[in-house]
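Participant: 3D model of this:
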Amino acid sequence: MASWGEKMLNVQLEGKRAIIDLRERILNGEHPRNEVFNYVKQAPLGMIIEVHVPHEAQPLAGDWRVLV
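Facilitator: Got it, this is the predicted structure:
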């Protein structure tokens, strides 16, 4: 559920993979970082989340072991 003023993410599900395309929103000046983090927190264990951005981005987690 989106909080006040927060747009819903457009997520395409393909099996255990969620694809979030943020390119247009970021190019329009939006910064949906918290929406992505909220989605990741609520995603089922084992879900692969693919986030598309318009420019090369830094990793969300520096070490995969922090997620385990």
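
Participant: Contacts only, for Met47.
Facilitator: Lys16, Arg17, Ala18 (Cβ atoms under 8 Å, 6 or more residues apart in numbering). Every residue, glycine included, has its C-beta placed from N, CA and C.

Participant: Oops, could you answer that again for Val53 instead?
Facilitator: Here Val53 is in contact with Leu22, Arg23, Ile26 (criterion: Cβ under 8 Å, 6+ apart).

Participant: Distance check, the second one against Gly15.
Facilitator: Read that as Arg23. Per Cβ to Cβ, to the nearest Å, Arg23 is found 23 Å from Gly15.

Participant: Please apply the same query to the last one.
Facilitator: With the distance defined as Cβ to Cβ, Ile26 ends up 26 Å from Gly15.

Participant: Among those two, which residue is more densely surrounded?
Facilitator: Shown here are Ile26 and Gly15; by other Cβ atoms under 10 Å, Ile26 has more neighbours (17 against 7).

Participant: So the residue lying closest to the more buried one once chain neighbours are set aside, which state does it fall into?
Facilitator: Closest residue to Ile26 apart from its sequence neighbours, by Cβ to Cβ, 6 or more residues apart in numbering: Pro54 at 5.4 Å. Using DSSP: H, G, I helix; E, B strand; the rest coil, the structure places Pro54 in coil.
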